[in-house]
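**Student:** following is a predicted model, sequence given first.
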Amino acid sequence: MGHLDHAAFGWLTPVLSYVMACVGAALGLRCTVRALGATGRSRRNWLITAASAIGTGIWTMHFVAMLGFAVSGTDIRYDVPLTVLSLLVAMVVVCAGVFAVGYSRDRTRALLIGGLTTGLGVASMHYLGMAAVRLHADVTYDPVRVGLSVLIAVVAATAALWAALNIRSPIAVTLASLVMGAAVSSMHYTAMLAVSVHVTPSGEPLPGASAMQFIFPLAVGLGSYLFLTSAFVALSPTTGEREASASAQQPVDSLTVRQQARPV
């Protein structure tokens, strides 16, 4: 039996992973609010940005937390293709849920279906990411805690989509993102408490890449994407601001036309 440490670097990885989950949730909610006030291609683009933000935030949260995961008696490596696949799964399922609430006329039904789909997808992302872990040990899971983690993921996803449909003010979005970050983090650590490891010492090298070789650079890159996109969204005008600007220009344009049409 190996000793599991979920915070090998102290509070650094839990706090940082929570921050990444909150940033992804906040950005996703703001983009969804923008999408619901837009039409056509603009709505689609905002929804894609929202899905990428939420999916990236969830994935980054998971693997930043995994930077603090250690097992006594064995090194840990990560299967690169499976790890990348877990990121794609997070993106795709969140995109499905966001588009469901963004385009469906029956929003209650879309919320339930989207929340269930997205929650199961988030849980799949987590356990697919765990399947990418390589170590000299046999890994088993407590089914009760696994089921609880899936339930938390579904509830968190449904709450996130509900917030996207009903919350508009920046303060409310901030509070909702803090709650969502806590929910996603709770799902992760509940799932990690379901893990039991029986170490089987071996001198053979483990396949895959170490966390610092692969996970850390990728997490930094995705985290940078979240913060840069957040700055872009914060600085871009809302639909109301664009309409107000257009309305302010109309009297000026009309006056210019009259002056040009006046006979000399």
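**Tutor:** All right, it came through fine.

**Student:** tell me which element residue 196 is part of?
**Tutor:** Element membership for residue 196, per DSSP states H and E: strand 195-199.

**Student:** give me the contacts around stretch 219-229.
**Tutor:** Applying Cβ atoms under 8 Å, 6 or more residues apart in numbering, the contact partners of stretch 219-229 are 20, 23-24, 27, 49, 53, 56-57, 59-60, 63-64, 67. For glycine as for every other residue, the C-beta is placed from the backbone atoms N, C-alpha and C.

**Student:** of all pairs in the residues you listed, which one spans the longest distance?
**Tutor:** Spatially, the most separated pair among the contacts of stretch 219-229 is 49 and 67, at 26.5 Å (Cβ to Cβ).

**Student:** tell me the one of the contacts of stretch 219-229 nearest residue 207?
**Tutor:** Nearest to residue 207 among the contacts of stretch 219-229: residue 63, at 18.1 Å, using Cβ to Cβ.

**Student:** near the closest one, how many residues? Count them for me, please.
**Tutor:** Around residue 63 there are 26 other residues, counting by other Cβ atoms under 10 Å.

**Student:** next: residue 232.
**Tutor:** Other residues near residue 232 come to 11 when the count uses other Cβ under 10 Å.

**Student:** quick one: low-confidence ranges for the stretch 51-200 of the chain?
**Tutor:** Within the stretch 51-200 of the chain, not a single segment meets pLDDT under 70.

**Student:** that one: helices as residue ranges?
**Tutor:** For the stretch 51-200 of the chain, the helices defined by DSSP state H, counting those that start in this stretch cover 80-103, 107-131, 143-166, 170-193.

**Student:** how close does residue 86 sit to residue 50?
**Tutor:** 20 Å (Cβ to Cβ, to the nearest Å).

**Student:** more neighbours: which of these two?
**Tutor:** For residue 86 versus residue 50, neighbours defined as other Cβ under 10 Å are more numerous around residue 50 (28 against 23).

**Student:** what count of nearby residues applies to the residue nearest to that one when sequence neighbours are not counted?
**Tutor:** Counting by Cβ to Cβ, 6 or more residues apart in numbering, residue 50 lies nearest to residue 31, which is 3.6 Å off, once chain neighbours are set aside. Here the number of neighbours of residue 31 (other Cβ under 10 Å) works out to 25.

**Student:** who's in contact with residue 31?
**Tutor:** Residue 31 touches 46, 47, 49, 50, 53, 233, counting by Cβ under 8 Å, 6+ apart.

**Student:** please redo it, this time with the cut-off set to 6 Å
**Tutor:** Residues in contact with residue 31 (Cβ atoms under 6 Å, 6 or more residues apart in numbering) are 46, 49, 50.

**Student:** show the pLDDT at it.
**Tutor:** Model confidence at residue 31, given as pLDDT, is 86.

**Student:** please, which helix or strand holds it?
**Tutor:** Taking DSSP H and E as the definition, residue 31 sits inside helix 12-36.

**Student:** report the buried residues of that helix.
**Tutor:** Within helix 12-36, the residues that count as buried by 16 or more other Cβ atoms under 10 Å are 13-14, 16-36.

**Student:** got the angle between that helix and helix 143-166?
**Tutor:** Orientation of helix 12-36 against helix 143-166 (axes from the mean of the first three to the mean of the last three Cα atoms, to 10 degrees) gives an angle of 40 degrees.

**Student:** how about stretch 126-143: buried residues?
**Tutor:** 126, 127, 128, 129, 130, 132, 133, 134, 135, 136, 137.

**Student:** in those, find the pair that's most separated.
**Tutor:** So, the buried residues of stretch 126-143 by Cβ to Cβ: farthest apart are 126 and 136, at 22.4 Å.

**Student:** what packs against the helix or strand containing residue 50?
**Tutor:** Residue 50 belongs to helix 40-66 when assigned by DSSP H and E. Of the remaining helices and strands, those touching helix 40-66 by 3 or more Cβ pairs under 6 Å, 6 or more residues apart in numbering; DSSP states H and E are helix 12-36, helix 80-103, helix 107-131, helix 170-193, helix 216-235.
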